[in-house]
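>>> below are the sequence and a predicted model for it; my questions follow.
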Amino acid sequence: MRRLIVMRHAKSSWADAGQRDFDRPLNKRGRKASKLIGRWLKAGGHVPDLALVSSARRAQETWSGVVAETGPADTQYLPELYHAGPDTMLDVVRRAADVGCLLLLGHQPGIGAFLRRLLAEAPTTKEFEKFPTGATALVDLDVESWRDAGWGGGRLAEMVVPRALE
């Protein structure tokens, strides 16, 4: 059994209209949310062994806020996760090191679409469908290794959004 933590980056800033999308930082709400998610993960004992994080600034800052609460974990910042689609995300997961708990941190709409395809039974709640900024889902996969992960093989164990933790 493997645990995959699927996370969308926290709320980012649009203050600089001329800034490249890739370079947008978190705003104040996003920085707070990333720490709330980190506390939630730590309290539940869901600290990943390895994090695969989009190389976009807002994703990196989200992960920094999480690890400020959970403590460090091996991390790979991957350019291919920036606005990746579900197939790319699955490929990244399948290439992951042999760890028990893996975290994937990316962007909408890809991260939500990835999660819907990964789950055997996806919830129909508004929160799940939107998968808002900072949303985090815990998915259990009955696989021997990450290379065996496939569509429809996951079970949603839990999902949280930052505003539920305030």
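Looks like it came in fine.
>>> CA atoms for contacts and neighbours, from now on please.
Noted.
>>> and the longest helix along the chain, how far from the chain's centre?
In the chain, with assignment by DSSP state H, the single longest helix is helix 28-43. How far helix 28-43 lies from its chain's middle: 12 Å, per C-alpha atoms, centre = their mean, to the nearest Å.
>>> burial measure for residue 130, as a count.
12 (other C-alpha atoms under 10 Å).
>>> give me phi/psi at it?
Backbone torsions for residue 130, taken as degrees, to the nearest 10, come to phi -80, psi -40.
>>> residues touching it, list them.
The contact partners of residue 130, by C-alpha atoms under 8 Å, 6 or more residues apart in numbering, come to residue 112.
>>> if I look at it, how far off is residue 4?
Plainly put, residue 130 is 19 Å away from residue 4 if you go by C-alpha to C-alpha, to the nearest Å.
>>> before we move on, what about residue 96?
11 Å.
>>> kindly export the longest helix of the chain (C-alpha atoms) in CSV.
This file holds the C-alpha atoms of helix 28-43, laid out as CSV (Å, rounded to 0.1, in the frame of the first residue of the first chain):
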residue,chain,number,x,y,z
LYS,A,28,-0.4,36.6,2.5
ARG,A,29,-3.4,34.2,2.5
GLY,A,30,-1.4,31.6,0.5
ARG,A,31,1.5,31.8,3.0
LYS,A,32,-0.8,31.3,5.9
ALA,A,33,-2.6,28.4,4.1
SER,A,34,0.6,26.5,3.3
LYS,A,35,1.5,26.5,7.0
LEU,A,36,-2.0,25.4,7.9
ILE,A,37,-1.8,22.4,5.5
GLY,A,38,1.7,21.6,6.9
ARG,A,39,0.3,21.5,10.5
TRP,A,40,-2.6,19.3,9.3
LEU,A,41,-0.3,16.9,7.6
LYS,A,42,2.0,16.7,10.6
ALA,A,43,-0.8,16.3,13.1
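>>> so which elements touch that helix?
With contacts taken as 3 or more C-alpha pairs under 8 Å, 6 or more residues apart in numbering; DSSP states H and E, helix 28-43 sits against helix 57-70.
>>> show the pLDDT at residue 15.
Residue 15 carries a pLDDT score of 83 in this model.
>>> is it in a helix, a strand, or coil?
Of the three states, residue 15 takes coil under DSSP: H, G, I helix; E, B strand; the rest coil.
>>> now do it against residue 24, distance only.
As judged by C-alpha to C-alpha, residue 15 and residue 24 stand 9 Å apart.
>>> also residue 48?
In terms of C-alpha to C-alpha, residue 48 sits 25 Å off from residue 24.
>>> of these two, who's got more company?
residue 48 (23 against 19).
>>> that one and residue 104 touch, don't they?
No - proximity of residue 48 to residue 104 does not meet the contact threshold set by C-alpha atoms under 8 Å, at 9.6 Å.
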